[in-house]
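just the structure for this:
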Amino acid sequence: MTPDSVIMVDWSGGNDAGPKPKKDAIWICEAVRGTPREPVYMRNRSRAEHWLGDRIAGALALGETLLIGFDFPFGYPAGFARALTGSDDQLTLWRWFADRIVDGPKANNRFDIAGEINRRFGGTGPFWANGLKRDIDGLPRTKASYTNPFPERRAVEHLAKGSFACWQMAGAGAVGGQVMMGLPVLDRLRRRFAGQVAVWPFEPLDAPVAFVEIWPSLTLGQPPVDRIKDAWQVEQVASAVSSLSAADLRAQLDVSAPEEGWILGVRATLSPPPLRNDCFALPAGIDWVPVDDALALLRSNLSCVVADATVPLAQASGRVLAQDVVATRSNPPQANSAVDGYGFAGGAPEGVMRLPLLMGRAAAGVPYDGDVPEGAALRILTGAALPRGVDTVVLEEDVTPGADAIAFRGPLRRGANARKAGEDVVVGDVALRAGRVLTPADLALMSAVGQGDVACLAPLRVGILSTGDELVEAGATAGPGQIFDANRPMLCALAQGWGYCAADLGRVADDRDALRAALDRAVDRADVILTSGGASAGDEDHVSALLAEAGALQMWRIAIKPGRPLALGLWRGVPVFGLPGNPVAALVCALVFARPAMSVLAGAGWSEPLGFMVPAAFEKRKKPGRREFLRARIRDGAAQVFGSEGSGRISGLSWAEGLVELSDGAVHVRVGDPVRYVPFGSFGM
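Residues are numbered from 1 along each chain as shown. Sure, this is the predicted structure:
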């Protein structure tokens, strides 16, 4: 099908969320040919069902076609539907839930239904996690005594790294509650519009309305800081799916799915929607742009432009996490000893304690085979799982051991020197949030909680292009009036240091046709392009001229020194940052503007450099109107600045270890006055 509109629904299994829009509620967004409407907040499922019913009825009356995506599983792992209903048909299971679920704005019976189902299969599974204060027969609160007679995941969820199993009913990653409260709504809508709704992939898409399973968290990173994540995600997905060509959408829908259902986009990843043509547009009447206003505009108008790519854990360092990492195993997975010593139960009162010593021991990876009776002790080593009957460990240094008994002096509190299961991370908890740039320590954490492959974003590809007749390659022979290209190696190294893939696009002379051809080639190699030189309004400023010709130029005259002219635009949908040609200004503008902007484009969110106040070792006066950045370094606890502020003094960049930032207003800095110093390390250098 080729829908006229795409609607994305972020569902919720919880109670009424109240009148004020908030996260963890129901959000709906509709998009037409890549243009989304304002996301709609639904405080509860009843309102959402009415909204969807009215929208479907309106579309059918007008002869429109709709594709409606929902972010919860349409089916359960193989065998469950037949065991419960006698049929493998997941749509029969929809009806089973619709006949039993009682749903109101403030309460529903999903936990009771889960317990009822569990009791049919022995009372310890397949569902787990009771989110109510009262106990429910058959529904365990944790996975401690949990057994599942069915597969833990559907086939598609083994491919969709970061997806959640449908058996968990409460807590972080509790998809089970969404499924149980969502399927009855879909079943009622399907029956209300009988013959007009097709459910993918269970039915041929030959009806005007399609219900499709889509999980935004599998393809999207962190939202802008001022957006509610759920609202932003439905907007992004609706926009992306409605932007697909008919052929691309057919390819997405053409899957040989098992009886359990499928998630749209798992085989062919949905790329984020392109940036808007006006993403760099300044508000009307703006001429000189203060630095803070320029940063705010970039922060609010940019979004991630890279797709996700699953990589092995060992290759994930430095990559941006595409979705939350949910622990599939607790850390530690079981209670264990924090020391070498002797384990027993109950702690010890003040005074001398004597306990009989059992034969054998517990060691890391070699658990003790048996129980420890009350009043007895067992030799236990660091990291060993605590045997049944042990909750306390006394340090071996504090013990006098005998052949068949130990003695030590109390008091010793119950639980001393023992680590609880999950005291670091509990199974089902979110261990790491999407949008994080992964560190070696993060790899250790992900490994500990059972993560083998990692859903990351593809590295941002940064194209670096220098322009100007005067430039020659370093090491070549420079003629009269020529200079060596200093910007390109500097900017390539910056991009690589920030974890991006730097594409060296070379140098282009002051020739508009040659520059146009270079930019055309660049869009196939880069997600963002940094140019230096040609970004002002002179006769030979061809970068700004070409962007203007393409109808996508925004010339920002920024109140900054060094710097000022910054040409921003899109070339065939790829953002272009036209940096100044002067190396000092190019570096400052790259650090201050390009770095946080590219962090957003890469999916990592906005990056703020960390500065701190230090005494000045210099005196400086400046007039109001521009923010100034001085090349600086710290010596003897005070900030020194480079002897010349000339923008052509490249040696000052090597001399400096950071920047002193002077505010927009008039400033008179005297020796000893506090100034804001931002080390290059805070810019990722």
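
just want the most central residue of the chain.
Centrality entry for the chain: nearest residue to the mean C-alpha point is residue 434, 2.0 Å, by CA atoms, centre = their mean.

so where's this structure uncertain?
Low-confidence regions of the chain, defined here as pLDDT under 70, cover residues 161-162, 217-222, 257-258, 267-271, 284-286, 534-542, 550-553.

go again using 50 as the cut-off
268 (pLDDT under 50).

how does it divide up, domain by domain?
By the record's domain assignment, the chain is partitioned as 1-104+157-162+182-273, 336-419, 461-601, 612-683 (automatic domain parsing).

need the phi and psi values for the nearest residue to residue 335 once chain neighbours are set aside.
Nearest-residue entry for residue 335: residue 386, 4.4 Å, with adjacent residues in sequence omitted and distances by CB to CB, 6 or more residues apart in numbering. Glycine gets a C-beta too; all of them are placed from N, C-alpha and C. The phi and psi values for residue 386, taken as degrees, to the nearest 10, are phi -70, psi 120.

near residue 386, how many other residues are there?
Other residues within reach of residue 386, judged by other CB atoms under 10 Å, total 25.

quick one: contacts for it?
Residue 386 is in contact with 334, 335, 336, 337, 343, 362, 380, 393, 418, counting by CB atoms under 8 Å, 6 or more residues apart in numbering.

in its sheet, what does the strand ranked longest in the chain sit against?
Scanning the chain for the longest strand, with DSSP state E as the assignment, gives strand 348-362. Each strand pairing with strand 348-362, determined using DSSP bridges, is listed with its direction: strand 377-380 (parallel), strand 405-412 (antiparallel).

for it, list the C-alpha coordinates in PDB.
Backbone C-alpha positions of strand 348-362 (Å, rounded to 0.1, in the frame of the first residue of the first chain) are rendered in PDB as follows:
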ATOM      1  CA  ALA A 348      27.200 -12.300  65.200                       C
ATOM      2  CA  PRO A 349      26.600 -10.600  68.600                       C
ATOM      3  CA  GLU A 350      29.300  -8.900  70.600                       C
ATOM      4  CA  GLY A 351      31.800 -11.400  72.200                       C
ATOM      5  CA  VAL A 352      33.500 -14.600  71.100                       C
ATOM      6  CA  MET A 353      31.700 -16.600  68.500                       C
ATOM      7  CA  ARG A 354      32.500 -20.300  67.800                       C
ATOM      8  CA  LEU A 355      31.000 -22.200  64.800                       C
ATOM      9  CA  PRO A 356      31.500 -25.700  63.500                       C
ATOM     10  CA  LEU A 357      33.200 -25.700  60.100                       C
ATOM     11  CA  LEU A 358      31.800 -27.700  57.200                       C
ATOM     12  CA  MET A 359      34.000 -29.700  54.800                       C
ATOM     13  CA  GLY A 360      34.500 -28.100  51.400                       C
ATOM     14  CA  ARG A 361      34.400 -24.500  50.300                       C
ATOM     15  CA  ALA A 362      32.800 -22.000  47.900                       C
END
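
who's residue 457 bridged to?
When bridges are assigned using DSSP bridges, the partners listed for residue 457 are residue 308, residue 320.

for it, give me its contacts.
Contacts here follow CB under 8 Å, 6+ apart; on that basis residue 457 touches 221, 304, 306, 307, 308, 309, 319, 320, 321, 322, 602, 603.

burial measure for residue 20, as a count.
A count of nearby residues for residue 20, using other CB under 10 Å, gives 8.

check residue 9 too.
The burial metric for residue 9, expressed as a neighbour count using other CB under 10 Å, is 26.

gap between it and residue 182?
Residue 9 sits 9 Å away from residue 182, going by CB to CB, to the nearest Å.

quick check: neighbours shared by the two?
Residues touching both residue 9 and residue 182 (CB under 8 Å, 6+ apart) are residue 70.

which residues are contacting stretch 664-677?
Contacts of stretch 664-677 from elsewhere in the structure, counted by CB under 8 Å, 6+ apart, are 290-291, 559, 611-627, 632, 634, 638-639, 658-662.

how about 6 Å then?
611, 613-616, 619-622, 624, 627, 639, 658, 660-661 (CB atoms under 6 Å, 6 or more residues apart in numbering).

tell me the buried residues in that stretch?
By neighbour count, and taking 16 or more other CB atoms under 10 Å as the criterion, the buried residues in stretch 664-677 are 664, 667, 669, 675, 677.

and the closest residue to the third one other than its chain neighbours, how many neighbours does it have?
Using CB to CB, 6+ apart and skipping the chain neighbours, the partner closest in space to residue 669 is residue 620 (4.5 Å). As a burial measure, the neighbour count of residue 620 was computed by other CB under 10 Å and equals 18.

hmm, residue 341 and residue 393 touching each other?
Yes - under the criterion of CB atoms under 6 Å, residue 393 is in contact with residue 341, at a separation of 4.7 Å.

secondary structure class of the closest residue in space to residue 68 that isn't next to it in sequence, three-state.
What sits nearest to residue 68 in space, not counting adjacent residues and going by CB to CB, 6+ apart, is residue 7, at 4.5 Å. Assigned state for residue 7: strand (three-state reduction, DSSP: H, G, I helix; E, B strand; the rest coil).

how much space is there between the closest residue to residue 389 other than its chain neighbours and residue 224?
Distance criterion CB to CB, 6+ apart; nearest residue to residue 389, sequence neighbours excluded, is residue 372 at 3.6 Å. For residue 372, the distance to residue 224 (CB to CB) stands at 55 Å.

who has more neighbours out of these two?
More neighbours sit around residue 372 than around the other of residue 372 and residue 224, counting by other CB under 10 Å; the figures are 22 against 16.

how about the strands in the stretch 51-200 of the chain?
For the stretch 51-200 of the chain, the strands defined by DSSP state E, counting those that start in this stretch occupy 66-70, 197-199.

show me what the last one is packed against.
Right, strand 197-199. On a contact count with 3 or more CB pairs under 6 Å, 6 or more residues apart in numbering; DSSP states H and E, strand 197-199 meets strand 209-213.
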